[in-house]
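Enquirer: Quick one: sequence and predicted model below, then my questions.
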Amino acid sequence: MKISALDNPFGSAPVYYKKKTRSTMTDIRSLQSDGHGTVIFAGYQIEGRGRVRGRRWVSDQDSNLLMTLMLEKKKLVHPFYQVPMLTGLGLAEFLECRYSLSSCIKWPNDILVDGKKIAGILCEADRDHIYVGIGLNCTQKHFDHDRGERSTSLSLLSDRNSTPGEILPGLLFELKQAYESHNWREQIQERLYGLDTLVTLLPGAADQGESESVLIRGLSDEGFLIIEEPATGRTRTVLAGEIHFPAYHD
């Protein structure tokens, strides 16, 4: 693992690069001393994964940004449980400001452009840190059969063939801005995918919970998803879960 010369807007925290690794999430959690804003990104991950057990993040060599960002809970402006949604906001702002792409945040952890997935987020935490895993499709233009019709990349959406190393400083800047935002709720809600749509919700852990049909009504002040039960009109908030849309399959 080598230190990259890329600028890090989080300050003096290092940015590491590995050409090939099992997982940047595993790598960064093994570090002993580097703190807030430390980044590890890789050209290829053998065991890239999503929120749901058994679901993998598959990427061609050197084609996509595969990274994990380490944040210290004590240095966060907002509660740590809001970090996944704030990360989505940072990704959306990056795509809009740097590539003029209008994107949506699919609760709780995907970024869509034109209804197709361009990025995913996986957050894990321990007592003192939260680890933000991000996969962003950059130059990859062909995806496997299962993902081909529902995935996209920067190269497919723009005429700029940006490599992962080239886009990382700009993305880190937008993430830092999002983590410090004071009007984050409004910014996320206006990009929330499926607002007022009837969906299937599996509350709780990503691969557990009994499904129910609900309407997405927005975000609470805490950043939780507001849903409505169609039969009763009762609303409640959900902190974690998995959502399936009629016209979108994970």
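Expert: Yep, that arrived. Source: prediction; values computed, not measured. Numbers count the residues shown, from 1 in each chain.
Enquirer: Now do the same contact list for Glu174.
Expert: Counting by Cβ atoms under 8 Å, 6 or more residues apart in numbering, Glu174 touches Gly90, Leu91, Glu93, Phe94, Cys97, Arg98. For every residue, glycine as well, the C-beta is placed using N, CA and C.
Enquirer: does it sit in a helix, a strand or a coil?
Expert: Taking DSSP: H, G, I helix; E, B strand; the rest coil as the rule, one finds Glu174 in the helix state.
Enquirer: Now it: closest residue in space that isn't a chain neighbour?
Expert: Spatial nearest neighbour of Glu174, excluding adjacent residues (Cβ to Cβ, 6 or more residues apart in numbering): Phe94 at 4.1 Å.
Enquirer: go on, Ile226?
Expert: Excluding its sequence neighbours, the residue lying closest to Ile226 (Cβ to Cβ, 6+ apart) is Arg217, at 4.4 Å.
Enquirer: counting contacts, what elements does whatever helix or strand His244 lives in pack onto?
Expert: Assigned by DSSP states H and E, His244 falls within strand 241-244. Counting contacts by 3 or more Cβ pairs under 8 Å, 6 or more residues apart in numbering; DSSP states H and E, strand 241-244 packs against strand 198-203.
Enquirer: Name the next helix or strand following the strand it packs on along the chain.
Expert: By DSSP H and E, the next helix or strand past strand 198-203 is strand 212-219.
Enquirer: strands paired with that next one, and their directions?
Expert: The pairing partners recorded for strand 212-219 under DSSP bridges are strand 198-203 (antiparallel), strand 225-228 (antiparallel).
Enquirer: Quickly compare these and say which is most buried.
Expert: Comparing those by mean neighbour count (mean count of other Cβ atoms under 10 Å), strand 225-228 comes out on top with a mean of 20.
Enquirer: what does the domain assignment say about this structure?
Expert: If you go by automatic domain parsing, the domain ranges for the chain are 2-189, 198-244.
Enquirer: average pLDDT for the shortest one?
Expert: Spelled out, that is domain 198-244. On average, the pLDDT along domain 198-244 is 89.
Enquirer: can you check stretch 10-24 too?
Expert: Averaged across stretch 10-24, pLDDT comes to 93.
Enquirer: how about it as CSV, C-alpha atoms only?
Expert: What follows is stretch 10-24 as a C-alpha-only set of coordinates in CSV (Å, rounded to 0.1, in the frame of the first residue of the first chain):
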residue,chain,number,x,y,z
PHE,A,10,-9.9,16.7,5.1
GLY,A,11,-6.5,18.1,6.0
SER,A,12,-3.4,16.1,6.7
ALA,A,13,-5.0,12.7,6.6
PRO,A,14,-3.3,10.4,4.1
VAL,A,15,-4.7,8.9,0.9
TYR,A,16,-3.5,5.4,0.2
TYR,A,17,-3.7,3.5,-3.0
LYS,A,18,-3.6,-0.3,-3.6
LYS,A,19,-3.6,-1.7,-7.1
LYS,A,20,-5.3,-4.8,-5.9
THR,A,21,-6.9,-5.7,-2.5
ARG,A,22,-9.4,-8.0,-1.0
SER,A,23,-11.4,-5.0,0.4
THR,A,24,-10.7,-1.4,1.1
